[in-house]
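Participant: need the 3D shape of this:
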Amino acid sequence: MQVYRSVSEICLHASACALGMFDGVHVGHVMVLENALREARILGVPSVVVSFANHPQFLISKTPTQLLSTLEERLQAFETMGFDAALILEFDEWLKNLPAEAFIRLVLREHLGVQSVTVGYDHRFGKNRAGDGAMLQHSGEEFGFDVQIIDPVRITAHAAEGGGQIVSSTLIRKLLTFGDIEQANGLLGKPYHLTGLVEKGVQRGRELGFPTANLAVEAHRLIPGNGTYGGTALLNGQVYAAVCNIGLCPTFADQTQKRVEVHLLGYEGPPFYDEPLQMTFLQKIREEHKFPSVDALIQQIQQDCQTVQQRWTVDGPIMAAPDVALTNTHSVIEPDPLDTNQ
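Facilitator: I've put the predicted structure just below:
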């Protein structure tokens, strides 16, 4: 997949494209992306994703959005799905103030030569977010390109009556913040994970008999709510069952910053400071709380490890996200290993 970082770098005579931020590439986003790929195959033109290097809310809002994925992870998802190219724009003051009509003319027509554009039902673009699906359709009639607007994907509870929550990056962020890992994983279509370098901590876990890797997570990445989680850790190409504690470790009362601490079950090698580690979250075991004694904490950690080991033994090292029934107006979809638009 060819990646372009500015409009001036790309000039296509024809294409089918998908527009969106696609943070997390969740199951709703996949509907948009797969439709663009399908249109490209039908028309016999290159498939292109148009997205942003930075979340627009970083510039628009005083409160930066906590992200579900890195740019590199999104690009990997686009490439794995089979896109020919990705146009990744820096959302800066120029783009923020570019009128929607100018975006259509400059980006979509002049540089991408679009014959088909696919967006989510709530996609907005251009200055003051004035552009939407209706504007795209009107422009398509004028310039001769097709527009596909994908209906929302809903959790199927009450979906037949038009109810059921709409799958969105915002909803997934809320679920993760409250520690609802399995529900969030179902909407993502894959287990949520964090990746970062291992940094040296106070080595308290080692003293307790459960050495932990302190994960340095990049700024603005969403960290699940405080608590103890089970999952897997990827280190140097090897997958381990893992227990992860997120929080302040209140039993010791000397920690003031939230930490992500990962214990790898069965690891017997040397320390791996400054090495990249990926923690994949599969279940929440318990809330974080203060224990009456260190011995009580150790006993609980042993139980946490047993809980994770039991699931590992049953499911093996590759443990998928749980099934969550989802639907939109036109089709029922299964959680996809790659997943869509907010």
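Participant: quick one, helices of the protein?
Facilitator: Ranges of helices in the chain, per DSSP state H, are 27-43, 57-60, 71-81, 93-96, 100-103, 133-143, 169-177, 181-188, 204-208, 294-315.
Participant: most tightly packed of these?
Facilitator: Greatest average neighbour count among the helices of the chain goes to helix 181-188 (a mean of 24), per mean count of other Cβ atoms under 10 Å. C-beta here means a position set from N, CA and C on the backbone, and glycine is covered the same way.
Participant: pLDDT below threshold where in the stretch 201-342 of the chain?
Facilitator: 202-209, 250-256, 314-342 (pLDDT under 70).
Participant: if you set the cut-off to 90 instead, what comes out?
Facilitator: Residue ranges of the stretch 201-342 of the chain with pLDDT under 90: 201-212, 218-220, 247-258, 266, 268-272, 274, 288-301, 309-342.
Participant: which residues in it form strands?
Facilitator: Assigned by DSSP state E, counting those that start in this stretch, the strands in the stretch 201-342 of the chain fall at 213-217, 227-235, 238-247, 259-264, 276-286, 326-327, 332-333.
Participant: show me the one of those strands that comes nearest Glu72.
Facilitator: Closest to Glu72 of the strands of the stretch 201-342 of the chain is strand 276-286 (Cβ to Cβ; 11.9 Å).
Participant: now distance to Glu34 and mean neighbour count too, for the strands of the stretch 201-342 of the chain, in CSV please.
Facilitator: Formatted as CSV, the strands of the stretch 201-342 of the chain follow (distance: least, Cβ to Cβ, whole Å; neighbours: other Cβ atoms under 10 Å):
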stretch, distance to Glu34, mean neighbour count
strand 213-217, 30, 20
strand 227-235, 27, 23
strand 238-247, 28, 22
strand 259-264, 33, 22
strand 276-286, 24, 20
strand 326-327, 14, 22
strand 332-333, 9, 14
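Participant: can you put those strands in a markdown table and add distance to Ile150?
Facilitator: Formatted as a markdown table, the strands of the stretch 201-342 of the chain follow (distance: least, Cβ to Cβ, whole Å):
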| stretch | distance to Ile150 |
| --- | --- |
| strand 213-217 | 31 |
| strand 227-235 | 31 |
| strand 238-247 | 34 |
| strand 259-264 | 34 |
| strand 276-286 | 28 |
| strand 326-327 | 13 |
| strand 332-333 | 11 |
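Participant: with Thr195 as the reference, name the closest of those strands.
Facilitator: With Cβ to Cβ as the measure, strand 276-286 is the member of the strands of the stretch 201-342 of the chain nearest Thr195 (4.4 Å).
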